[in-house]
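In: the following comprises the amino acid sequence and a computationally predicted model.
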Amino acid sequence: FGIRTSHSRESPRVPGGGIAARNRIPMPLSPQELPEKYKYAERRVRTAIIALPIAIVTSWVLYNRLVQGEERKVLVHRAAAE
């Protein structure tokens, strides 16, 4: 009859399939494959992921020592313990 539907057209296969999958941006496999405009953002996100846990734990330990009066931990050497 000559009626064409969206299903009658051949579309490239994309993981996840569907009509919306054709409009997705392809995912790079590694940070080296990112476009240049994303390099700065990738570096900032990576830095935040690494630095935030360290800053949070350090702040918590300092808070406990300075505000709550917790004593500083002292390393015990094996020779002194025996």
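Out: That came through fine.
In: helices of the chain, start to end?
Out: Taking DSSP state H as the criterion, the chain carries its helices at 39-66, 78-81.
In: and those helices, which one's lowest on average pLDDT?
Out: Comparing mean pLDDT across the helices of the chain, the weakest is helix 78-81, with a mean of 69.
In: what about Trp49, neighbour count?
Out: One thing to correct before we go on: residue 49 is Ile, not Trp. Neighbours of Ile49 under the rule other C-beta atoms under 10 Å: 9. Any C-beta I mention is one placed from the backbone N, CA and C, and that applies to glycine too.
In: ugh, typo on my part, it should be Glu42
Out: Neighbour count of Glu42, defined by other C-beta under 10 Å: 12.
In: residue contacts, it?
Out: When contacts are counted by C-beta atoms under 8 Å, 6 or more residues apart in numbering, Glu42 touches 31, 34.
In: check Tyr40 too.
Out: Applying C-beta under 8 Å, 6+ apart, no residues contact Tyr40.
In: for Glu71, phi and psi?
Out: Note on Glu71: backbone dihedrals following degrees, to the nearest 10 are phi -70, psi 150.
In: ok, now Lys73?
Out: phi -70, psi 140.
In: before we move on, what about the one 3 residues further on?
Out: Its backbone dihedrals place Val76 at phi -100, psi 120, with angles given as degrees, to the nearest 10.
In: just to revisit the earlier point, and Glu33, which of the helices of the chain is closest to it?
Out: helix 39-66 (10.8 Å; C-beta to C-beta).
In: buried sites along the closest one?
Out: Judged by neighbour count (16 or more other C-beta atoms under 10 Å), helix 39-66 contains no buried residues.
In: export the helices of the chain as JSON lines, with columns for distance to Ile25.
Out: Below are those laid out as JSON lines (distance: least, C-beta to C-beta, whole Å):
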{"stretch": "helix 39-66", "distance to Ile25": "14"}
{"stretch": "helix 78-81", "distance to Ile25": "56"}
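In: nearest to Arg24, of the ones you listed?
Out: Among those, the nearest to Arg24 by C-beta to C-beta is helix 39-66 (18.9 Å).
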